[in-house]
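Novice: using only what follows, build the 3D model:
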Amino acid sequence: MKLKNLLLASGLLSMFMMSESSYAIMAICNEVPLYNSIQNSTFGAEAAAGAAWGCNTFSTNGGGGSTSANLSYDFSTDVWNGTDSVPTFNGNGTASSTLSTGVLNTSLAGSPIVSQGYQSSTVMSSALWDTLTFNNLPASGEMVTETLTLDGSIGANGSGAYNLFAGYGNQNGNLSQGNLPGSVTYTFLAQNDVPVEVGVELSADSSGGAGSGVNLADSVFSISVPDGVTFTSASGVFANVNNGTVPEPTSGALIALGLALIGFFTLRRSA
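Specialist: Numbers count the residues shown, from 1 in each chain. Predicted coordinates for the structure are as follows:
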């Protein structure tokens, strides 16, 4: 099963949690959980275009076993239900994902169309995932952090969604013009020689009406591991990893203060 039936959406679409797994998704069809798609392959990259109404999927690129995906789509060529010739969206969208660099792009430009009293909800979605096996961890394991650095903009009536996941855990949320953080994170426990599937999904949704343009360009997925920790990936290409522990802000300030004091007393002694 590909991601084409599992496009992320935000706004009025509901969040879905399956008891077999804690992947929580905001999907066009809630009865089709995302983990089914991802569990069919150990790595992948996919881009997709679709509409929430009727669970329509118009086009996909990439999928399980792919290391990159790239899709541009003109929504004016499709209708959003079988009895209406009105297009789903007056505009176009793009989505792409590159597993080696962790870069995702998801955008929509245009406006939804109201037909027969209903407003369409058009979605562009990008995703990437890989299975990592860690080594050189303590016997009890250690925490590893996934980060999605968000870049771009969202219109006044636009929306989006993200989902960071690792194994059976996840961190997800909606995005809007007033809620577009610089980055979001999810931390999980990694253990030696235990494969864990990690990844991210990023979507743009047109359902907000006029001014619903979304441009989440050059967003980046990465992981941070302690010094000395290594891993292998199922894809053999994912390499966007940060090594070492970043000092807490307070610790960094104390270090800077200490260096300044050392310099001050050194200068006084020289004088």
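Novice: from now on I want contacts and neighbour counts done on CA atoms only, so please keep to that.
Specialist: Fine.
Novice: flag the shaky bits of the stretch 1-150 of the chain, pLDDT-wise.
Specialist: Along the stretch 1-150 of the chain, the model assigns pLDDT under 70 to residues 1-39, 51-56, 78-89, 111-121.
Novice: for it, which segments count as helices?
Specialist: Secondary structure of the stretch 1-150 of the chain (DSSP state H, counting those that start in this stretch): helices located at 34-38.
Novice: all strands of it, in order?
Specialist: In the stretch 1-150 of the chain, the strands defined using DSSP state E, counting those that start in this stretch lie at 16-17, 24-25, 44-51, 56-64, 68-74, 79-81, 84-87, 89-98, 103-112, 114-115, 118-119, 122-135, 142-149.
Novice: ok and the longest one relative to strand 44-51, angle-wise?
Specialist: Meaning strand 122-135. Per axes from the mean of the first three to the mean of the last three Cα atoms, to 10 degrees, the angle that strand 122-135 makes with strand 44-51 is 160 degrees.
Novice: with the fifth one instead?
Specialist: Put simply, strand 68-74 runs at 10 degrees to strand 44-51, going by the same axes, to 10 degrees.
Novice: repeat for the last one
Specialist: Orientation check (the same axes, to 10 degrees): strand 142-149 against strand 44-51 gives 40 degrees.
Novice: identify the residues contacting strand 142-149?
Specialist: For strand 142-149, contacts defined as Cα atoms under 8 Å, 6 or more residues apart in numbering pick out 164, 182-191, 200, 219-226.
Novice: helices - which of the residues you listed land there?
Specialist: Judged by DSSP state H, helices contain none of those.
Novice: so in terms of bridging, what pairs with S96?
Specialist: Taking DSSP bridges as the rule, S96 bridges to N70, N105.
Novice: number of residues surrounding it?
Specialist: S96 has 27 neighbours, counted by other Cα atoms under 10 Å.
Novice: contacts only, for it.
Specialist: For S96, the contact set (Cα under 8 Å, 6+ apart) comprises E46, A47, S68, A69, N70, L71, L104, N105, T106, S126.
Novice: please identify the deepest-packed of the strands of the stretch 1-150 of the chain.
Specialist: Most buried of these, by mean neighbour count (mean count of other Cα atoms under 10 Å): strand 44-51, with a mean of 30.
Novice: can I get that strand in PDB? Just the C-alpha atoms.
Specialist: C-alpha atoms of strand 44-51 as PDB (Å, rounded to 0.1, in the frame of the first residue of the first chain):
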ATOM      1  CA  GLY A  44      11.200   5.100   1.000                       C
ATOM      2  CA  ALA A  45      10.400   8.600  -0.300                       C
ATOM      3  CA  GLU A  46       7.100   9.600  -1.700                       C
ATOM      4  CA  ALA A  47       5.200  12.700  -2.900                       C
ATOM      5  CA  ALA A  48       1.500  12.700  -3.500                       C
ATOM      6  CA  ALA A  49      -1.400  14.900  -4.600                       C
ATOM      7  CA  GLY A  50      -5.100  14.300  -3.700                       C
ATOM      8  CA  ALA A  51      -8.400  15.600  -2.400                       C
END
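Novice: and it, which strands flank it?
Specialist: Take DSSP bridges as the rule and strand 44-51 pairs in its sheet with strand 56-64 (antiparallel), strand 122-135 (antiparallel).
Novice: the inter-axis angle of it versus strand 89-98?
Specialist: Interaxial angle of strand 44-51 relative to strand 89-98 (the same axes, to 10 degrees): 170 degrees.
Novice: can you state the direction angle for strand 44-51 and strand 103-112?
Specialist: Orientation check (the same axes, to 10 degrees): strand 44-51 against strand 103-112 gives 0 degrees.
Novice: what's in contact with the host helix or strand of T232?
Specialist: In the assignment (DSSP states H and E), T232 maps to strand 230-233. Strand 230-233 is contacted by residues D130, T131, L132, T133, F134, N135, N136 when judged by Cα under 8 Å, 6+ apart.
Novice: thanks a lot, catch you later.
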